[in-house]
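Q: sequence and predicted model, in that order:
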Amino acid sequence: MTSKRRRLAECRKACGFNQEEFAEAVGVDRSTVQRWENGKTDPQPWQRPKIAKVLEISASALDALLIPDAYAPPQPPNTWLAVAPPASDDEFEAYELARRVGASNVGKETLRRLENSFDELAMKYPVSPPQELLERVRKHSTYVAQLMDARMTIAEQRRLYIVGGWFQLLGATLHIDLNQDHAATARLQTAATLAQHAEFREIEAWCYETDAWRVLTDGDYSRALELSQVAQQLAPSGSSVAIQATAQEGRARARLGERAETYAAINRVQQMSGALTPRKRTEHHYQYDPGKSLAYTATTLAWVGDPTAETYARELIARLAPTDDIHKWPRRVASANIDLALTLLGGDRLDEACDAAQRAILSGRIVPSNYWRALEVVKAVEARQLPESSDLREAYQGLTALEG
């Protein structure tokens, strides 16, 4: 094998491809790759951009790998870089750059597994206790941090920053669920920083959307509206985060009593979610799906005092809770029952409202950041001096006692 072909083969191997895998990736036969590497033929000009992309190198770096031996400078054993003629310094810089571009201690397989692990945790989010999930997120975040100092390609570094940003974002969400504000803020800031370095605006938009939800639960509705609008400006058009940020805007406006703007936001959410093609399985926390549309619509309509919230809440409950076992509910069903209770109270269907609220509280699926929503129902029942109020208050106190 000639030295130029050895460089091409070494670069291929450094990227984790055998000849057959490399051939499939660039759209040729394995025999073609063999001819390239044994010096019999060169890749055609139209094939070179695809080869450079697969090897994650620039076109100029690929050209350096394919320079014919006849044009290479003399190479005494073991000292060829040291004795290169001054006129050929640029050539050797290109050779060395090509070698470094292909060198990595991270690897595509490690990054792929980290990305898959994040998706797995994001899909466990709706049904897992936040404290348990947070422990796994911490371990993955620590591993990502350890990899930051490893040798890697530029493309691998960007992927590492992105997956690290996702883990930080999920960790922040879990801290918010557990009312751990300082930790949540730190993780949101880190996620946004990693996203900015990777020029990945989707994560940055999610940071603002997540913070909008946090301040909404604290009662700062104007700030929640502001943050949700910033998230929409950053979000890629038609993305899940664009839809969810719009949904947060609707909820903030509902709390502010802006009925017309609330309905306008609901309509925008429904239009965008109808056009979205899911990329992940349903119940992925960072992938909008029809169930989320129902949930956000139910909550927003309940907050604005619209009785049609009942229809949306019942549809979501029927879809996600086909059995009566409340302990198997996903988190959305518990929230939907709270929305249902608020709506039924508004329609003076008091017994049904108390039943829905108690089922939600006893399910164990309400996280600390949502206790205030359950408390709203409890206080509304107590204000009406209903006989069920003492049982409901007792159930609520049992729920909050678990946090302590």
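A: Received the coordinates, thanks.

Q: pLDDT of stretch 234-252, averaged?
A: The pLDDT scores in stretch 234-252 average 94.

Q: residues in contact with stretch 209-228: which ones?
A: If you take C-beta atoms under 8 Å, 6 or more residues apart in numbering as the criterion, stretch 209-228 is touched by 169, 172-173, 176, 181, 184, 188, 208, 231, 235, 241, 244-246, 248-249, 251-253, 255-256, 369-370, 372. All C-beta spots, glycine's among them, are computed from the backbone N, C-alpha and C.

Q: for ChimeraX, what selects the buried ones among the residues you listed?
A: A single ChimeraX command selects the buried members of the contacts of stretch 209-228 (16 or more other C-beta atoms under 10 Å):
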select :169,172,173,176,184,188,208,231,235,241,244,245,246,248,249,251,252,253,255,256,369,370
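
Q: what's the neighbour count on residue 209?
A: Residue 209 has 28 neighbours, counted by other C-beta atoms under 10 Å.

Q: that one: what secondary structure?
A: Following DSSP: H, G, I helix; E, B strand; the rest coil, the label given to residue 209 is helix.

Q: how close does it get to residue 159?
A: Separation of residue 209 from residue 159 (C-beta to C-beta, to the nearest Å) stands at 23 Å.

Q: how about the contacts made by residue 296?
A: 244, 247, 250-251, 269.

Q: and which of those residues is nearest to residue 109?
A: residue 244 (31.4 Å; C-beta to C-beta).

Q: need phi/psi at residue 219.
A: phi 90, psi 10 (degrees, to the nearest 10).

Q: that one: how many residues sit nearby?
A: 10.

Q: what about this protein, any weak spots by pLDDT?
A: 1-6, 60, 63-64, 67-103, 278-282, 290-291, 322-329, 402-404 (pLDDT under 70).

Q: for residue 114, helix, strand, or coil?
A: Here residue 114 is recorded as helix under three-state DSSP.

Q: my guess is it contacts residue 162. True?
A: No. Using C-beta atoms under 8 Å, residue 114 is not in contact with residue 162; the gap is 9.9 Å.

Q: where's the closest residue to residue 148 other than its chain neighbours, which helix or strand?
A: Excluding the flanking residues, the one nearest residue 148 by C-beta to C-beta, 6 or more residues apart in numbering is residue 160, at 7.0 Å. For residue 160, the host element (DSSP states H and E) is helix 154-177.

Q: how far does that helix sit from the chain's center?
A: Computed by C-alpha atoms, centre = their mean, to the nearest Å, the chain-centroid distance of helix 154-177 equals 8 Å.

Q: same check on stretch 256-270?
A: Counting by C-alpha atoms, centre = their mean, stretch 256-270 comes out at 26 Å from the chain centroid.

Q: swap in stretch 378-392?
A: On the basis of C-alpha atoms, centre = their mean, stretch 378-392 sits 40 Å off its chain's mean C-alpha point.

Q: can we start the residue count at 133 from this point?
A: Right, with 133 as the first residue, what we last looked at is stretch 510-524.

Q: check which residues of that stretch are buried.
A: Quick answer for stretch 510-524 (16+ other C-beta under 10 Å): 510, 512-513, 518, 520-521, 524.

Q: which of those sit farthest apart?
A: Farthest apart among the buried residues of stretch 510-524 by C-beta to C-beta are 512 and 520. That separation is 11.6 Å.

Q: next one: residue 440 from residue 472, what distance?
A: Residue 440 sits 12 Å away from residue 472 when distances are taken as C-beta to C-beta.

Q: higher neighbour count, the two?
A: Neighbours per residue (other C-beta under 10 Å) separate residue 440 from residue 472, with residue 472 holding more: 28 against 12.

Q: test my guess that that one contacts residue 448.
A: No. Between residue 472 and residue 448 there is no contact under C-beta under 8 Å: 9.2 Å.

Q: which residues do these two both contact?
A: By C-beta under 8 Å, 6+ apart, the residues touching both residue 472 and residue 448 are residue 430.

Q: run the angle between the strand or helix carrying residue 274 and helix 286-309 for me.
A: Using DSSP H and E, the element containing residue 274 is helix 262-279. Here the directions of helix 262-279 and helix 286-309 differ by 150 degrees (axes from the mean of the first three to the mean of the last three C-alpha atoms, to 10 degrees).

Q: so what's the gap between helix 262-279 and the chain middle?
A: Distance of helix 262-279 from its chain centroid, counting by C-alpha atoms, centre = their mean, is 15 Å.
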